[in-house]
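# What follows is a predicted protein model with its sequence.
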Amino acid sequence: MKTYTVIVAFLLIGLGFYFGNNFKIESKSIESEQPILRGSMEEEKEEEKANNHSIGNQDVGYNDIAAAFSDQEEATIALFERSASSVVFITTSAYQQDRYSMDIYEIPKGSGSGFLWDDLGHIVTNFHVIEGSNKLTVTLADQTSYEASVVGVEPNKDLAVLRIIAPGKALRAMPVGKSNDLRVGQSVFAIGNPFGLDQSLTTGIISALGREIKAENGRPIKDVVQTDAAINPGNSGGPLLDSSGRVIGVNTAIYSPSGASAGIGFSIPIDVVKWVVPDIIRYGEVRRPILGIELVPQQYHSNKGSMILEVNNGTPAQKAGLIGVKRSKTGGFIPGDVIIQINQFPIKSNNDLILALEKFSIGDEISVKFNRRNEIKQVNLQLASSLN
């Protein structure tokens with residue numbers, strides 16, 4: 001019995017030793033594998049986190065992912081970056097003498113905008129921006145400043161031309177477009193220095209054409225472009241651009257009881273500017289042969305030619321018997337004479353008429369062919385001076 005008991009005891013001890021060693025070996029094996037599994041799981045979590053972060057970046061445009069601008073935004077950004085270097089900031093001051101000491105002081109007067117007309121340093125702005133000033137300072141887009149001289153003015157059109165002497169590389173003329181084919185609803189862009197701030201861009205559309213406003217001297221400026229692009233104090237004299245970055249007008253006024261932009265701004269059409277500026281640069285004033293008429297904006301009649309809106313008193317056109325638009329007894333409009341030819345030059349638009357007159361001098365006698373209610377007539381007249 002004792003022998004049997006001893007044998008069983010040794011058998012149990014042997015089994016315990018055997019299974020105990022195997023359990024330790026397996027435990028060690030599992031423990032040795034755990035760091036590998038843990039490392040693999042952590043790597044997967046990091047990769048997932050990185051992927052999620054990358055997706056988030058794509059949504060908000062951070063790091064190496066470019067901001068997602070629309071084609072229209074890209075075009076607007078490019079327009080501003082291309083045009084801003086041609087727009088200038090104008091500050092004006094006047095001299096004032098102390099009544100007691102007789103000392104002369106320089107008093108800040110105002111500010112406005114302008115743009116480079118050519119690479120000779122000529123700058124176009126509004127007449128009211130510089131009116132009454134003794135000193136003019138022009139600051140270019142690179143923040144360099146130059147004293148400017150007045151080349152000439154045309155108060156009747158609220159236009160003025162200045163000139164600065166600056167390095168040629170700093171003088172980048174702005175491309176000029178045309179305004180006789182503008183359409184209500186087309187996009188426009190205004191660049192200027194509102195409230196004396198650095199260059200800014202506002203956008204909008206052409207709200208109306210053929211508007212009439214008054215110049216500073218009270219004379220009417222006709223055929224003005226109306227826009228809802230914000231034009232605030234300091235924007236005056238700056239360019240109004242089309243979507244190609246060409247100047248189609250000179251921002252001149254706003255309609256606002258508060259003096260700030262209220263969505264109604266006005267610009268002098270570039271066709272008028274192109275008529276005025278070359279004369280100012282050449283003579284210091286406008287010297288053009290004229291008929292003495294105002295024209296209906298091209299957009300408001302379907303006739304080929306230039307329709308007369310109004311004939312000014314004492315002018316060649318009045319003496320020759322030309323007539324403008326009139327009202328009938330019933331309140332409707334009776335069309336004015338439509339000029340279709342001057343000498344040998346056919347007239348199909350208002351621009352054609354302006355360009356044709358440029359070929360003549362003050363005092364020249366010309367023949368004018370016109371359509372009066374479907375009847376072709378012709379008169380001879382002598383061109384007068386725009387200074388009269």
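That came through, no problem. Residues are numbered from 1 along each chain as shown.

# bridging residues for Asn251?
Ser267 (DSSP bridges).

# Next up, the contacts around it.
113, 190, 192, 231, 235-240, 265-267 (Cβ atoms under 8 Å, 6 or more residues apart in numbering). Bear in mind the C-beta positions are built from the backbone N, C-alpha and C, glycine included.

# Of those, which is the most crowded?
Gly238 (34 neighbours; other Cβ atoms under 10 Å).

# That one contacts Phe115, correct?
Yes. Counting by Cβ atoms under 8 Å, Gly238 does reach Phe115; the two are 6.6 Å apart.

# hey, what's in contact with both of these two?
Val87.

# ok, back up a step: so which of the contacts of Asn251 sit within helices?
Among the contacts of Asn251, DSSP state H puts none in helices.

# so can I have JSON lines of these showing distance to Ile90 and pLDDT?
Below are the contacts of Asn251 laid out as JSON lines (distance: Cβ to Cβ, whole Å; pLDDT from 0 to 100):
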{"residue": "Ser113", "distance to Ile90": "7", "pLDDT": "92"}
{"residue": "Ala190", "distance to Ile90": "16", "pLDDT": "92"}
{"residue": "Gly192", "distance to Ile90": "10", "pLDDT": "86"}
{"residue": "Ile231", "distance to Ile90": "15", "pLDDT": "81"}
{"residue": "Asn235", "distance to Ile90": "11", "pLDDT": "82"}
{"residue": "Ser236", "distance to Ile90": "9", "pLDDT": "86"}
{"residue": "Gly237", "distance to Ile90": "7", "pLDDT": "91"}
{"residue": "Gly238", "distance to Ile90": "10", "pLDDT": "93"}
{"residue": "Pro239", "distance to Ile90": "13", "pLDDT": "95"}
{"residue": "Leu240", "distance to Ile90": "17", "pLDDT": "95"}
{"residue": "Gly265", "distance to Ile90": "18", "pLDDT": "87"}
{"residue": "Phe266", "distance to Ile90": "19", "pLDDT": "91"}
{"residue": "Ser267", "distance to Ile90": "17", "pLDDT": "93"}
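
# can you list contacts of the longest strand seen in the chain?
If you go by DSSP state E, the chain has its longest strand at strand 200-214. For strand 200-214, the external contacting residues (Cβ under 8 Å, 6+ apart) are 76, 80, 84, 182-194, 220-231, 235, 252-253, 264, 266, 296-297, 299-300.

# how about the helices of the stretch 151-300 of the chain, start to end?
270-283 (DSSP state H, counting those that start in this stretch).

# neighbours around Arg82, how many?
14.

# which non-adjacent residue is nearest it?
Spatial nearest neighbour of Arg82, chain neighbours left out: Gly245 (5.7 Å); criterion: Cβ to Cβ, 6 or more residues apart in numbering.

# List the contacts of that neighbour.
Counted by Cβ under 8 Å, 6+ apart, Gly245 has contacts Leu79, Arg82, Ser83, Pro175, Phe189.

# Around the third one, how many other residues sit close by?
Here the neighbour count serves as a burial measure; for Ser83 (other Cβ under 10 Å) it reads 23.

# mind listing what it touches?
Counting by Cβ under 8 Å, 6+ apart, Ser83 has contacts Met174, Phe189, Ile191, Pro239, Leu241, Gly245.
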